[in-house]
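Visitor: Okay, sequence plus prediction incoming.
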Amino acid sequence: MSHPSSAEVVIVGTGVVGAVMAEQLLDAGISVLMLEAGPRVSRGEVVETFRNLPLGIKGNASSSYPPRPWAPHPMPRTGNPDEDYLQLSGPDEYAQTYIRYAGGSTWHWAGTCWRLTPEDMRLNSLYGVGRDWVFDYDTLDPYYNMAEYALGICGPSDPDLQWPRRARSRPYPMPHLPFSPGEEKFTRVVSEALGYTNLPVAQARNSGTPYDGRPACCANNNCVPVCPIGAKYDAATALARLESKGAVILSNAVVHRIETGENNRIQAVHYLDPQKTSHRVTGKHFVIACNGIETPKLLLMSADERNPTGIANRSDQVGRNMMDHPQIGLTLTLEEPYWLGRGPVVNSGIMETSQGDFRSEHAGAYFRMNNFARNRYVTFDALRTGKVGQALDEEIRRRTACTVNLVAAHEILPDANNRLTLSDRKDWLGLPKPHIHYDVGDYTRRSARDYSMPIARRIASAMGAVEVKEPKGFAQSKHLMGGTIMGNDPSDSVVDSWCRSHDHDNLFLPGGGAMPSTACGNSTLTMVALAFRAAEALVNQARGASA
Amino acid sequence: MRRVIMMTGAGALLLSLQAMAATSTPAGDDAAVMARGAYLATASDCTACHTAPGGKPMAGGLAIASPVGDIIASNITPSTSDGIGDYSEQDFARALRKGVRADGANLYPAMPYTAYAHLSDDDIHALYVYFMKGVTPVNEPTGTTNLPFPMNLRFSMKFWNLLFLKDGVITPDPQHSETWNRGRYLVEGPAHCSTCHTPRGILMQEKGDQWLAGAQVGPWYAPNITPDVTSGIGSWSRQDLVTYLKTGRIDRAQAAGSMAEAIEHSFQHLTDDDLKAMATYLGTLPAIRTGDDGSSAEEDNRFERGSPGSDLSFRGTSYAKGLKGDSEGAQLYAAHCASCHNYDGQGTADGYYPSLYHNAALGGDTASNLLAAILYGVDRETQNGHFFMPPFGDQPNAVTSLDNEQIAALANYLLERYGNPDVSVSSQDVQSIRDGGPASNILMLARVGMAAGGIVLVVVLIAVILHRRRRR
């Protein structure tokens, strides 16, 4: 079999960022070759893998995506560093999950699409913490619009329910989804008791109408780990369309080296196939979009004579500033039934608590009551009661109705010591596993202690909680940010405002890694907006070069 | 897209009506005539063929697949360079009723002039006024139709017309009610139901003795709509039929393919009175029993077959193993269909995702519509909502591209459990629907005829014509 070995633009990664970039380039008449480390599978296969799982591991999204030996990704941790893929150290665990499959981790995202606020992008100017973005909200706004129309976002048309609270320059392409019975009650309770507005989540999901050739959501409540019908946008839904526009997509192609040439321009990437044979792919421009862990890992792995600390790493910032939305999830048992699970798994949230002058002292937080149907989570506890037959059914029903998961997701500041490096431990192909040292930091800890948990307890009390389970530490939100941070100064940042490497003018590193601040809302929409910006720059550059 | 086109057309009409009202000319009558013409154009579904997806209204260009090749719909805007702007009303009437262009060339019967031949003089006039004044001229040429020999000989249609084109403005039958007569006029004339629903003979003519008894149209099957209780729609109430034409669905039947388009473009915009009239007339037609189960009980019709349930014997292993076992169809159903249609085939409570048992697409004597729905999906947007099932063929937006063997296994599982268990399909059947429907052998016949005897075909045709004339 012959392997395609060249294109104008080579994109490493077929997740949402790579897919969006590819489509912009193809529409501009630029040839694209995409390389994906993992396999390409059908939606039906993922759905059936999920259904065949034992109940106990259905809750872990990665379990529905068993990794291929050549493309390992994080699985439920065993504690044995030889088995675990991510090598972790530090006071907190950066135990993220993502998958290396064609289509990437949007396969199992919830689809939540919060925008940043103007203040979220000026933390340093306004509050004296963290980093400012190199452009303002109004600069990003048109790219947000593009992202929302490309992914198909449903969101509220009522300005009082929109986030951020400022006039939109373009309406959402679809109306927001209705709340589940439990969400309606929650909305009422937090408004009456605490004055908070529980907003409809803007989300990449077809609400009551088909969009972009995909069907309307029919409320399987299975967005995580997979939308069984493709009503939720995931990048896997875009791949065949990219191919119809001329893209070549190679799966099971693990890129392990970026090759530089004259003027330190990138001239090729090398990938290993499952037979461990290496292939070289050349191009005029390169996009590395393999997510916030795999991208810095690949840059560091590709160190050469010209770039002894790694590609794009003159600043020594590649792999530093690793960020996430550290979250604390409380399990509440309530007096009255709430009934969650109708509609998508995340459908509403309180965002106003993420903003305020307090941000000079501690992080803000976004509160949400997850809308997962609860039976999956409560069945084991119900079994432990020893009940059987109808009594057991009733116990499962009671717990399903009367328990909820309340989550506080926090922002975190960029810290150069939160750092990804290459471990001495190797994967199946002999490539280094990523090692991440991580400390959530005092800014976020203070928020949990003085701000978010007190609010969470007040919410719990207002909801009529008779039991509140609070975990000890932070959990991960799987929102990988910071590892290829954006800035104007090449000495302390990796990419410029177009997500172009400061060191290599034909290398683009779009996505969450570029984000200099996290805010509290999920990062994907901002990643996609950055991909649209990067695509614009790349198209201009490619046209200029060929003219 | 199509909806946008409709609205643009309607908007243009409204604007021009307003413009006319604003002038001092005696616009009242003209406006009324033009509005009637616009309504008739909708009832006749001109836009279905003459407006290309994304194209300008009535500017043509759409390639209409026929068993002998693509026929390009013409520009029927009043453009004098590329449309019908130079047509006199007489030219216009001749095109509609006789299938002859102003330059004398024959149209192919993809244009349903055998139905439009029934239009009254008044209605022809109203349509003419609408097309000349209510449609925006588009000065853009369309592609040309290039059928293979001998179908490229347009004059051969003259013989076809002699054989199959009946004269016939419909005159009201005093034996029947006004409603019935209106229904007959619409069904036989503008709505041209028989164009799709009547099977065609060896020369692509509609078979008179099988009128509306069901026919394959491309990948889809236009079913028997005679009042036969078993084979047709005799089990439907008049209101069922009106609801179906208005919304594209009742609980046991959903419009897809070209019927969905007809409802989008045409039927949903007709008045309730006209829909009731059509239903009234259709209900009085001779019932035609089709298929080989003439002894079937009345309740054993295509709308009532099958029952809920599922085979989950493959569960607990893996998708790959499930596909290899005896339950391949059930495994495919679970993986690709059950998340909308439910594990036991019952669909959703509101019917947005229909139940698969008691469903016309699965209960009939042909599996064409089942296979076409799987391969092409369903896309129907009416005032009742936008109904959409994604395709499972090789389209870019296919949820999963299933191959012929998989679709055959899936379809046979569905037919056995939810539909007509006497029907089964092979992977060749799936390929045929994937290719756009069974090909006609008319081309082969014509070429063999030509090769064998030069003009034997023509001689035979003339003989037949003479024979028919003598009998009159």
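Guide: Nice, thanks for sending it over.
Visitor: where are the low-confidence patches of the stretch 351-500 of chain A?
Guide: Along the stretch 351-500 of chain A, no part satisfies pLDDT under 70.
Visitor: Find the helix or strand that B:E140 is a member of.
Guide: Taking DSSP states H and E as the definition, B:E140 sits outside all helices and strands.
Visitor: Contact partners for it?
Guide: B:K56, B:A59, B:N75, B:S79, B:D82 (CB atoms under 8 Å, 6 or more residues apart in numbering or on different chains). No exception for glycine: its C-beta is placed from N, CA and C like everyone else's.
Visitor: quick one: it and B:S74, what's the gap?
Guide: In this structure, B:E140 and B:S74 are 12 Å apart, going by CB to CB, to the nearest Å.
Visitor: Check A:G511 too.
Guide: 51 Å.
Visitor: cool, and B:A117?
Guide: For B:A117, the distance to B:S74 equals 18 Å [CB to CB].
Visitor: Can you pick out the residue with more neighbours from A:G511 and B:S74?
Guide: Neighbour count, other CB atoms under 10 Å in any protein chain shown: between A:G511 and B:S74, A:G511 has more, with 34 against 24.
Visitor: where does the nearest residue to that one once chain neighbours are set aside fall, helix, sheet strand or coil?
Guide: Spatial nearest neighbour of A:G511, excluding adjacent residues (CB to CB, 6 or more residues apart in numbering or on different chains): A:V17 at 4.4 Å. Following DSSP: H, G, I helix; E, B strand; the rest coil, we place A:V17 in the helix state.
Visitor: doesn't A:P510 make contact with A:V17?
Guide: Yes. Look at A:V17 against A:P510 with CB atoms under 8 Å: they come within range, at 5.4 Å.
Visitor: Which neighbours do these two have in common?
Guide: A:A289, A:M527, A:L530, A:A531.
Visitor: Export these to a markdown table and append columns for neighbour count.
Guide: Conversion of the shared contacts of A:V17 and A:P510 to a markdown table gives the following (neighbours: other CB atoms under 10 Å in any protein chain shown):
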| residue | neighbour count |
| --- | --- |
| A:A289 | 30 |
| A:M527 | 27 |
| A:L530 | 30 |
| A:A531 | 31 |
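Visitor: Specify which member of those residues is nearest to chain B.
Guide: Within the shared contacts of A:V17 and A:P510, the smallest distance to chain B is 20.1 Å, found for A:A531 (CB to the nearest CB).
Visitor: So which bits of the strand or helix carrying that closest one are buried?
Guide: Assigned by DSSP H and E, A:A531 belongs to helix A:524-546. Across helix A:524-546, burial judged by 16 or more other CB atoms under 10 Å in any protein chain shown covers A:524-539, A:541-542.
Visitor: now check stretch A:52-68, is it near chain B?
Guide: Yes. Counting by CB under 8 Å from any CB of the partner chain, chain B has neighbours in stretch A:52-68: A:N52.
Visitor: Tell me which residues are up against that stretch.
Guide: By CB under 8 Å, 6+ apart, stretch A:52-68 touches A:38-39, A:46, A:49-50, A:73-76, A:85, A:97, A:99-101, A:107-108, A:224-226, A:252, A:274, A:376-377, A:379-380, B:315-319.
Visitor: count of residues packed around residue 131?
Guide: I went with chain A, as the question did not name one. Residues within reach of A:R131, counting by other CB under 10 Å, total 21.
Visitor: I was thinking of chain B, sorry if that wasn't clear
Guide: For B:F131, the tally of surrounding residues (other CB under 10 Å) stands at 23.
Visitor: what's the answer for A:S63, then?
Guide: Using other CB under 10 Å, A:S63 has 18 other residues around it.
Visitor: would it count as being in a helix?
Guide: Yes. Counting by three-state DSSP, A:S63 falls inside a helix.
Visitor: what comes up buried for stretch B:49-66?
Guide: B:49-52, B:55-62, B:64, B:66.
Visitor: Need the CA coordinates for that stretch. CSV is fine.
Guide: Extracted in CSV, the C-alpha atoms of stretch B:49-66 (Å, rounded to 0.1, in the frame of the first residue of the first chain):
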residue,chain,number,x,y,z
CYS,B,49,-38.5,20.1,-11.1
HIS,B,50,-37.9,23.6,-12.4
THR,B,51,-36.1,25.1,-9.4
ALA,B,52,-32.7,23.5,-8.7
PRO,B,53,-31.6,23.2,-5.1
GLY,B,54,-30.1,26.5,-4.3
GLY,B,55,-31.1,27.9,-7.6
LYS,B,56,-33.4,30.7,-8.6
PRO,B,57,-37.1,30.0,-8.7
MET,B,58,-38.3,28.4,-11.9
ALA,B,59,-34.9,28.9,-13.6
GLY,B,60,-34.5,25.2,-14.3
GLY,B,61,-31.3,23.3,-14.4
LEU,B,62,-32.2,20.4,-12.2
ALA,B,63,-31.2,17.0,-13.6
ILE,B,64,-34.2,14.7,-13.3
ALA,B,65,-33.1,11.2,-13.3
SER,B,66,-35.1,9.0,-15.6
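Visitor: Alright, calling it a day.
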